[in-house]
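[1] this one's sequence-less:
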């Protein structure tokens, strides 16, 4: 049995925590200045390092050489609280989801009255603190407000608004954030190098997107891909199939058909999407992501590679050609239409019908009216004049106007 990736690489110091410098640096400064308060509130989305930072803070406080901003890693307290350690008697982690009542608060108050068994502080880490009932918080209020000298509290929650104000006002609140894709991408590259895994082009950006900025969710996705890898290599096609995303070649066909205003090819791609079992909503999400990338390329020009880090060079060249063929106005208008259709597809009874109507609206530049349709027409005419291409015919030919027949002479009045 192998340990999960997010557990094997759980940070043990504040320096190893990524994407939370706005939290770790003030905490390290407070530890160096010996200005640590008695209660902390760590809030933020799941998997962003709240509980991990609480354990690191406990190591820093109870380190034999501390309080310090960098645990020594060798004293008994640091060893017990390290990754894979047995845990310390003086650091109590409580799941507030199952210990959220008045009786649990009363028991905690009794445990806090005893001195630490060995270390400097007795530290209580309450995970999912928003699950504590108002009555339970009120029972803890006096202890949190005026705790003994040897007691520290760390509350971790994903919903800080549900923690009653009287508790929040007695803590130092540190809001955690989702990790930026650039930092997460660099971190995944380090992990893959440490795991000796060869990664194909475009795989890691897909993993980062699937994780949604949560480090734990991202590492879970990467762990799943590594477990199913063959010969220690993460293949792009296998990752696409496993994560359910749309293949880049399929998105290229869609964008090329839109640029050429080739309705037959576009609807053949839609039929292929449905026939291969793809989720129409996921396909629309991926198409919107591709159009967003094309907008970035159209606006940023040569500097787009910095904003699209992780995209393979060959795919970036294809996207540059696609952005040039469509033009900024047409790409922006198509992205707006796809975004609106994505909202309409929520709970739709016929996703395929919504997808086909979306393709029809994209092929008709003036269907939505306004400046966006006129800008798309100008971009297309400019592209046709530059390349010498003939305009595509999207409707029935219009008959040439016939000359009006001469009017018959009026009869003379009698």
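    Nice, thanks for sending it over. These numbers were taken from a predicted model, which means no experiment stands behind them.
[2] for burial, what's the neighbour tally of residue 280?
    Residues lying near residue 280 (other CB atoms under 10 Å) number 21. Heads up, the C-betas are built off the backbone N, CA and C, glycines and all.
[3] wait, residue 254
    22.
[4] tell me who's in contact with it.
    266, 269, 287, 290 (CB atoms under 8 Å, 6 or more residues apart in numbering).
[5] tell me the SS of it?
    At residue 254 the chain is in helix, as set by DSSP: H, G, I helix; E, B strand; the rest coil.
[6] before we move on, back to that, closest one of the contacts of residue 254 to residue 119?
    Nearest to residue 119 among the contacts of residue 254: residue 290, at 54.0 Å, using CB to CB.
[7] so which residues make contact with stretch 13-21?
    11, 23-24, 27-28, 48-49, 52-53, 56, 60, 69-71, 176-180, 183-184, 187, 215.
[8] re the thing from before, most neighbours, which of the contacts of residue 254?
    residue 287 (26 neighbours).
[9] state the next helix or strand along the chain beyond whichever strand or helix holds residue 153.
    Assigned by DSSP states H and E, residue 153 belongs to strand 151-157. Counting by DSSP H and E, the next helix or strand C-terminal to strand 151-157 is helix 165-168.
[10] what's that next one packed up against?
    Under the contact criterion of 3 or more CB pairs under 8 Å, 6 or more residues apart in numbering; DSSP states H and E, helix 165-168 touches helix 134-145.
[11] got the phi/psi numbers for residue 123?
    For residue 123, the backbone dihedrals (degrees, to the nearest 10) come out as phi -110, psi 130.
[12] specify the beta-bridge partners of it.
    For residue 123, the beta-bridge partners under DSSP bridges are residue 91, residue 152.
[13] wait, it sits on residue 89?
    No - contact criterion CB atoms under 8 Å: residue 123 and residue 89 do not qualify, at 10.9 Å.
[14] between the two, which has more neighbouring residues?
    residue 123 (25 against 12).
[15] closest to the centroid, which residue in the protein?
    Residue closest to the mean C-alpha point of the chain, counted by CA atoms, centre = their mean, is residue 212 at 2.1 Å.
[16] okay, now the residue nearest to residue 75 when sequence neighbours are not counted: neighbour count?
    Leaving aside its chain neighbours, residue 75 sits nearest to residue 64 (3.7 Å; criterion: CB to CB, 6 or more residues apart in numbering). Per other CB under 10 Å, the neighbour tally for residue 64 reads 14.
[17] and the contacts of the lengthiest helix in the chain?
    Assignment by DSSP state H gives helix 280-300 as the longest helix of the chain. The set of residues external to helix 280-300 that reach it, using CB under 8 Å, 6+ apart, is 209, 244-246, 251, 254-255, 273-274, 304, 306-308, 311, 316, 319-320, 322-324, 326-328, 331-332, 334-335, 338-339, 341-342, 345-346, 351-352, 354-355, 358.
[18] same thing with stretch 97-106?
    With CB under 8 Å, 6+ apart, stretch 97-106 has contacts from 94, 108, 127-128, 131-133, 135-137, 139-140.
[19] what distance separates the start and the end of that stretch?
    16 Å (CA to CA, to the nearest Å).
[20] which pair in the contacts of residue 254 spans the largest distance?
    266 and 290 (14.1 Å).
[21] thinking again about what came up before, what subset of the contacts of stretch 13-21 is buried?
    By neighbour count, with 16 or more other CB atoms under 10 Å, these hold 11, 23-24, 27-28, 48-49, 52-53, 56, 60, 69-71, 176, 178-179, 183-184, 187, 215 as buried.
[22] helices of the stretch 301-414 of the chain, residue ranges please.
    304-307, 313-326, 328-344, 351-363, 370-387 (DSSP state H, counting those that start in this stretch).
[23] let me have these in TSV, adding distance to residue 199 and mean pLDDT as columns.
    TSV is the format used below for the helices of the stretch 301-414 of the chain (distance: least, CB to CB, whole Å; pLDDT from 0 to 100):
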stretch	distance to residue 199	mean pLDDT
helix 304-307	19	79
helix 313-326	15	88
helix 328-344	29	90
helix 351-363	32	89
helix 370-387	37	55
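[24] for these, which one sits closest to residue 81?
    Of all the helices of the stretch 301-414 of the chain, helix 304-307 comes closest under CB to CB, at 39.7 Å.
[25] what does that closest one rub up against?
    Applying CB under 8 Å, 6+ apart, the set of residues contacting helix 304-307 is 296-297, 300, 311, 316, 320.
[26] ok, and for that helix, which residues are buried?
    So, applying 16+ other CB under 10 Å, buried residues of helix 304-307: residue 304.
[27] distance between that helix and the chain's centre?
    Centroid separation between helix 304-307 and its chain, computed with CA atoms, centre = their mean, to the nearest Å, is 18 Å.
[28] kindly report the same for stretch 211-219.
    For stretch 211-219, the distance to the chain centre is 7 Å (CA atoms, centre = their mean).
[29] endpoints of it, how far apart?
    8 Å.
[30] what average pLDDT does it get?
    Averaging pLDDT along stretch 211-219 gives 92.
[31] of the contacts of stretch 97-106, select the buried ones using a ChimeraX command.
    Here is the ChimeraX command that selects the buried residues among the contacts of stretch 97-106 (16+ other CB under 10 Å):
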select :94,108,127,128,131,132,136,137,139,140
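[32] so which of the helices of the stretch 301-414 of the chain comes closest to residue 259?
    helix 313-326 (4.1 Å).
[33] measure how that closest one sits relative to helix 280-300, angle-wise.
    80 degrees (axes from the mean of the first three to the mean of the last three CA atoms, to 10 degrees).
[34] buried residues in helix 313-326?
    Quick answer for helix 313-326 (16+ other CB under 10 Å): 315, 318-320, 322-326.
[35] one more: stretch 57-65?
    Buried residues in stretch 57-65, counted by 16+ other CB under 10 Å: 57-63.
[36] what's the answer for stretch 190-198, then?
    191-192, 195, 197.
[37] okay if I get the residues you listed as JSON lines plus pLDDT and distance to residue 18?
    Output for the buried residues of stretch 190-198, formatted as JSON lines (pLDDT from 0 to 100; distance: CB to CB, whole Å):
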{"residue": "191", "pLDDT": "92", "distance to residue 18": "11"}
{"residue": "192", "pLDDT": "91", "distance to residue 18": "15"}
{"residue": "195", "pLDDT": "89", "distance to residue 18": "17"}
{"residue": "197", "pLDDT": "90", "distance to residue 18": "19"}
